[in-house]
Every structure is written in C-alpha cells, then in structure tokens.
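Colleague: following is a predicted model, sequence given first.
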Amino acid sequence: MSEPHHPPMIPRRGALIGAGLLLASGRRARAAGAAIKIGFVSPRTGPLASFGETDGFIVDLARKALAGGLEVGGTTYTVELLDRDTQSDPARAGQLAKSLINDDGVDLVLATSTPEVVNPVSDAAEAAGVPALSTVMPWEAWYFGRGAKPGAPSPFKWTYHFSFGVAEFAGAYISQWSSTVATNKKVGVMYPNDADGNAIRAHLAPALEKAGFSIVDPGPYEDGTNDYSAQIATFKKNRCEIFNTFPIPPDFATFWRQAAQQGFTKIVKIAQTAKTGLFPSSIEALGSIGHNISSGCYWHRDFPYKSPLTGLDGHALADGYEAASGRQWTQQLGASLALIDAGIAALRASGNPKDKAAVAKALSTLQTTTSLGKLDFTKGPVPNVCATPIIGTQWVKGSGKFKLDYVITENSGDRNVPVSAKLLPYS
Amino acid sequence: MIFLNQLLQGVFLGGYYALIACSLSFLFGVMRIVNLAHGSIVVLAAFLLFVLADRFEISPWLALIAVVPAMAALGWLLQRFVLDRALRGGLLVPLLATFGLAIVLDNALFETFGADTRSLSPFIGDLSFDSWSLTDDITVGKMDVLILGSAVAMLGAVSLLLARTRIGRAIRATAEDPGTVELIGIDARAVYGMATALALAMAAVAGAFLAMRATFDPYTGGAQLIFAFEAVAIGGFGSLWGTLWGGIALGVAQNVGASIDPSSFFIAGHVTFLAVLVGRVALGRVAA
C-alpha cells in the first residue's frame, strides 16, 4: 500500500485506497478488473509442521491454476495467494491474520489445521469484517469454542468452517468396530486434558456408550506425561479389547511402548487413534508395534473427487506430491486443496469478489464440490459450518516403496469412497 | 501390587530423567552455567544417530562410537567460541547465549530434517518395548533397566574421573576458583573446554536413549529440559549423585501422583521440586 503511515485502526479506509490504486494499475495493464488477494495461513514450521508440510506444494499448484486470472461476472481478476506460516504459535497466527487484513488488504482469508491456527485467524477476520474460510479442526471446537451458544443464532457473520466433528468420529468408529474384528466391546480410552480431549470426552464417549460399547476412562491426563503405568493397569484389569485415544504424537509413542512392555497390547484387538496417526511418520516411528493401528482420515488418495481448480483427482494429487517431493502423500493434501477450491468457488459465487459482504454471503450458502467431496453450507449442523466425513482407515505394513500403507476399512461417512481392505485385528 | 508397579516404573522413569540430566548437572557443577540449550543438544545427537541408522544402516549402538566423540568436539568448540565469551559478560549472558543457541539449533534441525517424528526404536528390534514379567501386574522393561544402568554407570564414571584423575582434580579446582588455578599453571580455558566436551559427550548418550525410549522431532528439546532441570535442582545443584536421587524422586513423585489421579502427574513432580527448594531455603542450605 502506498501509505506506510496510515493508522491500522481504520482498515476500511486503507482497503478502499488500496482497491482504488489496484483498479488504476489494472486499467493500465488491461481493460479487465482488479487483483484479488487471498491469504492462506497454516503451520509450516514448529510442532504442528507435519500438517503444513504439503502446503507449499498445494499453494504452488493453486498459483499455477490461477495464473491466467479468475473470471467472475465477465471481469477477469488477477489472483494473488499470500501464504503465511504461523510457526505453530496461536498468537502469531492472529497477528498474521491482522497483518494480511490491514497491511495486505486481502479479500479472503483461508486457514487450516488445528485450533491453534484456525481459531485465532477466524477471530481476527470476524473482528475486522473480512470473509474467512477454514478447515481441519473439529467444528464444535471452532463454533462453540469461539463463543457460539447451542440453539442461539450464530454470532458469526464473516467466518465459515468446513470440517469433521464428534458425530463423524462416532459414526466411523461404530462402523469400524462393528466390522470384521470381533471384540468384547470394552473400550479403554485415553483422552488428554486439552481442548480436543475434553470435547471428545464430553461428546464422543456418550455416543459410543449409546451404541453398546462400554467405556473405561481412567480420567484426563496432561499432554507430555512420561509414564502411563496407572492407565495401563486399569485397561488390563478391565480387559479392554478396543483402545481409543486422541493424544499428541510423542505421548502416544511413549504410551504405546509402555503398553507393549506391560502386556496391554497383547489384549488389544482394535487400536483406534486420532490426532496421532494422521501422518505416516508418527506411525513409522513406532516400529513394528505401529502396524495395524487404526485411524480415521479426512481425506485419502482414493477419494473419488476432482479438485475443480486444478482438475486433479485424488490419485493424481497424491502421485504428483510424491513425485515432486519424494515423500509419501498425506491426508492434508486434499484438505488444503479443498480449502482453496472452496474459497475460489465462493469468490466466483459472490458476483463481486471485491465486495466483502457479497463474499461472506456467498460463503453462507456455498454449495460446491472440492477434492474432499461435496460441501453444502445450507445444511448445518449449525450456521457457518459444513460437516465433512471421517473415513475409517488402518496403517498396514507397506507393500510398495513406503514402509506403511494407509488403507480404507470403512466408509459409513461417505459411501462414494471405496473401501480397499478389511480391518485387521491389532493382535 | 499395581501400586508397587507404579513405584517401580517411577524409579525407572527417574533413571531416565537422571540420564538426561547428567550433562546439565555436570556443566553447572563445573562452570556454573545453566545450559538452556541442553535439550536441543540432546536432540541434535539423536538426529546424528538417526541419520547414521537410517541412511547408512549403522546400528545406533555402533554409531555412538562416532557420535560421542563428534559431540565432544562440538562441545569444545562451543566452549571456545560461545561460552567462553559469554562467561566474561557476567551471569546473565551465558543464560541468554544458550537460550539463543537452543533456538538456532531447533530451527536448523527443522530446516535440515523437516517436521517428521522420528525414533531409533525401529533400528534396535524389540528392545524398546520388550520386558520381563515378574507377575501379572509387575513388569520390568528391558530398555528401562538399560537406561537406569547407563545413568548409574555414567555418573559413576564421571565421579571417578573427578575424584581420581589429574584432569578431574584440575576440573574440581577450576570449578572452585578459576582465577587461582591459573596462578598454579592450570589453563582454566582448556579445563572448561574439556568439561564442555565431556558434557556434550554425555548429552550424546542421553540423546541415544531418548531416541530409543520415545520419539523426537526438531522441537522436542525444550520439554526435556524442564525435567532434567528439576532432577538437578531436587538433587542439589552441582551434586552428580544427587542428580540420580533427584531424578528418581521426581519420577516416583510423578507416578504416585498419576496413580491417585492421571492428571496430577506433572503437578506432583512440580510440587516435589518446589517443596525441596523451599525446604532447602528454610533449612538455610541453599546450594549454589
């Protein structure tokens, strides 16, 4: 922007000046319209970096696809994607969002991966009156965690979110645990004392009990705990043949090795992890006791949907990433691409992507197909939110060039996703 | 019986804390430096071992033969080019220098190795989760025994070195008064260099066991530092065997806390740490 000294307190004026300048320069270049700026905020470094690892690749794909500009309502806009790294720090995430809004004058903010990124970015966008779209964190923690009340009208006008929630986990787990592996339906759970763990304890555990599973819960533990003998003794005493947990990855490695030492893993028939086990490296690090751990995914290379922006289907996207990076595909590829897919779809649907209110309105009724599948913001479960499925999966010993393969073992969340293997018993 | 197992696992956990804390305790004892980069240095050693195991298929045990001297050399350089200058700036500067070093190391590791979670466990067969079952409720992990044994061996070796050898006497004398030892012909800088080399060699061993027992990534270091620091503090600053007892006290306190309620794991450890500190002050025996 031309005025480095304009006070950040009045972003609206700054944005107007910016828009005016951009219009002027656009006229010089071609008869067509202005530039659209989109911010893309994710954790590329720091403890959450395995989420952001693939984002550089995705942003590059999107930039290539948008190189010819975006046509909305007969006007062709140039599109600039500004990707930002939160360094896994929630405070920095909020600052980045403010800077994108006030200094860069973005028209739309996109954010992905964990409450530590998404919530501060959404809060900043809501406060500044800039449309924002986000994904990959349980929607309950996004909607209720930011102050919405059940049954009351949505307090959010500018921020929208598509992601899985507790109901999607419950559906996938009940389907997964009732499939090929017979158990005594006793579920030992390790839910930590953090935002995710407490939400899961309050909402998922009752849903599982209703479906006929009995829950053995030794109680919340703190992230970073180094010894789990007390919990393991409880699970052994109760002979829990199913195990479910939502830990941070290092805690799971410590727990699972101790469980193997103390003989609990010999009892377990289904080991269902969430949060850990999203990415291959955290399971690989376990060695042989990582084989046959079950997980749930929000995207998989076998998803049958094409990204409208890039024209890539799941296999093309995963193979492209593996060829470019030499590393195994991860489920974040599809989610990050879907976020950009949906953001572009909203800009198109708005009729005028420079009109922030029109973009927000387009988001509120957005119906589009992305690499994650169909998104529909008109259906709920609450305003501002579109729930997306969790698909049951399992890490099995690799048959190709990677140490592990990630296979789909149930599809109750989206029947279009093909099941590729039967669930194998853990032990 | 279950409670007995809790206590036993607490003792082993304490052995692990002591092993991680050896280097920190030694460096403080000799140079009065609280090395805030300790956790990151331990993780650096873990990464070196991982590279040798993953790319060159060298067993982590063999790789230690190369990594321990390499880390010792790095320690000497660290003293020569960073700590030596920092020490001249007063008490606060070494603290800031090692804090800065931790940030540089963490991010350099991230730039080099990416965010992946790693472990040396896949390279040592079943050892990291193998165990002896004494009864249904009481099991002893083989890795845990090895860690506790290594901690005792390392502390014993360093104590012997300090008590019985010429270098040891020089190190002890320099720790007492670096100015005076120079008068009797001991080069304090050379002694400090050797001490830092030894500290980093110990950190390399700690890194090996950290990476075999659990997982690590470029940002694992910070979390390791706090327990190591508490073990040193509980055992008494500057006391090597105290660090072992301090580690065990911390591990047992955490496990007893967790058996009452899983969420009291940390708080039980921190309360023990605080109680010991307050107790020392009250008894007028503040070490340092």
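Modeller: Looks like it came in fine.
Colleague: now residue B:3, what's its secondary structure?
Modeller: helix (DSSP: H, G, I helix; E, B strand; the rest coil).
Colleague: that one contacts residue B:260, correct?
Modeller: No. Using C-beta atoms under 8 Å, residue B:3 is not in contact with residue B:260, being 10.2 Å away. Bear in mind the C-beta positions are built from the backbone N, C-alpha and C, glycine included.
Colleague: can you give me the strands for chain B?
Modeller: Secondary structure of chain B (DSSP state E): strands located at B:131-133, B:139-141.
Colleague: any idea which of those strands is most buried?
Modeller: Each of the strands of chain B was assessed for mean neighbour count using mean count of other C-beta atoms under 10 Å in any protein chain shown. The highest is strand B:139-141, with a mean of 19.
Colleague: elements contacting that strand?
Modeller: With contacts defined as 3 or more C-beta pairs under 8 Å, 6 or more residues apart in numbering or on different chains; DSSP states H and E, the packing partners of strand B:139-141 are helix A:249-261, helix B:2-31, strand B:131-133.
Colleague: hey, least reliable of these by pLDDT?
Modeller: Lowest mean pLDDT of these: strand B:131-133, a mean of 87.
Colleague: hmm, that strand touching chain A?
Modeller: Yes. Interface with chain A: strand B:131-133 contributes B:131, B:133 (C-beta under 8 Å from any C-beta of the partner chain).
Colleague: give me the helices and strands touching that strand, please.
Modeller: strand B:139-141.
Colleague: again, only this time at 10 Å
Modeller: In terms of contacts (3 or more C-beta pairs under 10 Å, 6 or more residues apart in numbering or on different chains; DSSP states H and E), strand B:131-133 is packed against helix A:249-261, strand B:139-141, helix B:142-164.
Colleague: need the contact partners of that strand.
Modeller: Strand B:131-133 has contacts (C-beta atoms under 10 Å, 6 or more residues apart in numbering or on different chains) with A:257-258, A:260-263, B:138-145.
Colleague: can you rerun that using 8 Å?
Modeller: Strand B:131-133 is contacted from outside by A:260-263, B:139-142, using C-beta atoms under 8 Å, 6 or more residues apart in numbering or on different chains.
Colleague: relative to residue B:62, which of these is nearest.
Modeller: Comparing those against residue B:62 with C-beta to C-beta places residue B:142 closest, at 19.0 Å.
Colleague: what is the neighbour count of that closest one?
Modeller: When counting by other C-beta atoms under 10 Å in any protein chain shown, one arrives at 15 neighbours for residue B:142.
Colleague: my guess is it meets residue B:124, correct?
Modeller: No. Residue B:142 lies out of contact with residue B:124 (C-beta under 8 Å); the separation is 10.3 Å.
Colleague: re the thing from before, what's the closest of the helices and strands packed on strand B:131-133 to residue B:95?
Modeller: Of the helices and strands packed on strand B:131-133, nearest to residue B:95 by C-beta to C-beta is helix B:142-164, at 23.5 Å.
Colleague: could you give the average pLDDT over the closest one?
Modeller: Rounded mean pLDDT across helix B:142-164 is 93.
Colleague: and what of stretch A:352-372?
Modeller: On average, stretch A:352-372 scores 93.
Colleague: now that stretch: buried residues?
Modeller: Under the neighbour-count criterion of 16 or more other C-beta atoms under 10 Å in any protein chain shown, stretch A:352-372 has A:353-354, A:356, A:358-364, A:366, A:368-372 buried.
Colleague: hang on, the earlier thing: residue B:101: which of the helices and strands packed on strand B:139-141 is closest?
Modeller: helix B:2-31 (12.9 Å).
Colleague: and the closest one with helix A:249-261, angle?
Modeller: Relative orientation of helix B:2-31 versus helix A:249-261 (axes from the mean of the first three to the mean of the last three C-alpha atoms, to 10 degrees): 130 degrees.
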